[in-house]
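In: Predicted model, plus sequence, below.
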Amino acid sequence: MLEALGLDAQVETVYRGMLMQPTGSLAELVERTGLSEAQVREGLDRLVDLGLLTPSRDTAGALRVVSPEAGLEQLLRRQEEELVRRRHALDLGKAAAARAVAEYADLRPNTETDGTERLVGLDAIQSRLESLAREMTRECLAIAPGGAQSQASLDASRALDEKALERGIDMRIVYQDSARNDLATLAYAQWTTEHGGEVRTSPLLPPRLLVFDRTTAVVPIDPANSRLGALCTTAPGIVASLVTLFEQTWDTAVPLGAARERPTEDGITQRERELLKLLAAGLTDEAAGKRLGVSLRTVRRQMSALMERLEAASRFEAGLKASQRGWL
């Protein structure tokens, strides 16, 4: 009953026993309470600490029990004083934290200017993404190029995505087609769909992109090197353009569960068509592979198969015949 005042059941039993017979001996108190002598002595010590037992003025070495009216009122007053002290300490802590945040903001390289924040380093990016993931209320749009995603990236995303999906956030992600060939990335994409998210793939993607609630976007400073940092912007014009880019990418992508490699009406798959376009634009095999998220070996194997289908002796001839067939 009195636990809120600092008296557990054992101490309260000793206190009740003292109130029933204030002048009884220790042995009588043990018998009256049904506790062991050690428990009774421990209870008496606690009651002295709480001010519910004080030295007797009549008998030297004896204790006097303080009435509940006086003793419990004193305990309440102590708790009130402790509460005031804690509130004061909390106010001081809040003020100190506010000053520290203001001071550290001037020291950090990741400062915001005109609605755009430059995030330097992977740690800064992760911290900002965690904050945005907690604050978003409706939707998350993502484009993840590069085919197979690194295990570190997948691990960093899982906790954030799981919490967002549990909160009912609409999540749409577009991976590159080649991600279907990576077991870890494919498993993560399937996990996303099983938990309520939507995943599609496309052979060719724009640079990495994240949009939160259509109000905040995060893009890499250099798409070729994510370690250089990212830009986080709330500028309405920029965010609207990036949302449009995502929707256009989403509309041409294929749901994760659908077959990607089925030839179109003219007999070529979408990935093969994109490969031909990249090579016709002058990209090397290696550069084309990076854009498609596949290895150099895969590019050469696919190009060799295309030349055989086109009955072309050279890549130049393959380009001409592909153009004649309407593949470019």
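Out: Arrived safely, thanks for sending.
In: Can you read off the pLDDT for Asp170?
Out: Per-residue pLDDT puts Asp170 at 91.
In: Please identify which helix or strand holds Ile143.
Out: Using DSSP states H and E, Ile143 falls within strand 139-144.
In: So what's the residue count around Arg78?
Out: Using other C-beta atoms under 10 Å, Arg78 is surrounded by 14 other residues. For every residue, glycine as well, the C-beta is placed using N, CA and C.
In: can you check Ala305 too?
Out: Residues near Ala305, counting by other C-beta under 10 Å, number 11.
In: That one - that's part of a strand, no?
Out: No - applying DSSP: H, G, I helix; E, B strand; the rest coil, one finds Ala305 to be helix, outside a strand.
In: still on that earlier bit, strands paired with the strand holding Ile143, and their directions?
Out: Strand pairing for strand 139-144, using DSSP bridges, gives strand 170-176 (parallel), strand 209-212 (antiparallel).
In: next SSE after the last one?
Out: Scanning forward in sequence from strand 209-212 by DSSP H and E, the next helix or strand is strand 216-220.
In: which helices and strands sit right next to that following strand?
Out: In this structure, strand 216-220 packs against helix 122-135, strand 209-212, strand 230-233, helix 236-252, with contacts taken as 3 or more C-beta pairs under 8 Å, 6 or more residues apart in numbering; DSSP states H and E.
In: Out of those, flag the one nearest Glu73.
Out: helix 122-135 (44.8 Å; C-beta to C-beta).
In: Could you check the angle the strand holding Ile143 makes with helix 236-252?
Out: Using axes from the mean of the first three to the mean of the last three C-alpha atoms, to 10 degrees, the direction of strand 139-144 lies 70 degrees away from that of helix 236-252.
In: which outside residues touch strand 139-144?
Out: 133, 164, 169-176, 179, 205-214, 243, 246, 249-250 (C-beta atoms under 8 Å, 6 or more residues apart in numbering).
In: try 7 Å this time
Out: Here strand 139-144 makes contact (C-beta atoms under 7 Å, 6 or more residues apart in numbering) with 164, 169-175, 205-206, 208-214, 243, 246, 249.
In: May I have the helix or strand following that strand as CSV, with CA atoms only?
Out: Scanning forward in sequence from strand 139-144 by DSSP H and E, the next helix or strand is helix 151-166. Only the C-alpha atoms of helix 151-166 are listed here, as CSV (Å, rounded to 0.1, in the frame of the first residue of the first chain):
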residue,chain,number,x,y,z
GLN,A,151,25.5,-6.0,-47.4
ALA,A,152,26.3,-2.9,-45.3
SER,A,153,23.7,-0.9,-47.2
LEU,A,154,21.1,-3.7,-46.8
ASP,A,155,21.8,-4.0,-43.1
ALA,A,156,21.6,-0.2,-42.5
SER,A,157,18.3,-0.1,-44.4
ARG,A,158,16.5,-3.0,-42.8
ALA,A,159,15.8,-1.5,-39.3
LEU,A,160,14.6,1.7,-40.8
ASP,A,161,12.4,0.0,-43.4
GLU,A,162,11.0,-2.4,-40.9
LYS,A,163,9.8,0.3,-38.6
ALA,A,164,8.4,2.4,-41.4
LEU,A,165,6.4,-0.6,-42.9
GLU,A,166,5.1,-1.4,-39.4
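In: what sits against Gly115?
Out: 233-235.
In: now for the helix or strand Glu73 falls within, which elements pack on it?
Out: Element membership for Glu73 (DSSP H and E) is helix 68-107. Helix 68-107 sits against no helix or strand, with contacts defined as 3 or more C-beta pairs under 7 Å, 6 or more residues apart in numbering; DSSP states H and E.
In: how about a cut-off of 10 Å?
Out: helix 9-20, helix 37-50 (3 or more C-beta pairs under 10 Å, 6 or more residues apart in numbering; DSSP states H and E).
In: what's the closest of these to Gln190?
Out: Once the helices and strands packed on helix 68-107 are compared by C-beta to C-beta, helix 9-20 is nearest, at 53.4 Å.
In: any weak-confidence spans in the stretch 201-328 of the chain?
Out: Low-confidence segments of the stretch 201-328 of the chain, defined by pLDDT under 70: 257-267, 328.
In: Quick one, which of the contacts of Gly115 are buried?
Out: Taking 16 or more other C-beta atoms under 10 Å as the criterion, what is buried in the contacts of Gly115 is Thr233.
In: Redo the contacts of Gly115 as TSV? Include distance to Glu274.
Out: What follows is the contacts of Gly115, written out as TSV (distance: C-beta to C-beta, whole Å):
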residue	distance to Glu274
Thr233	29
Thr234	33
Ala235	31
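In: which one of the contacts of Gly115 is nearest Arg64?
Out: Closest to Arg64 out of those is Thr234 (69.0 Å), distances taken as C-beta to C-beta.
In: can you give me phi and psi for the closest one?
Out: phi -120, psi 10 (degrees, to the nearest 10).
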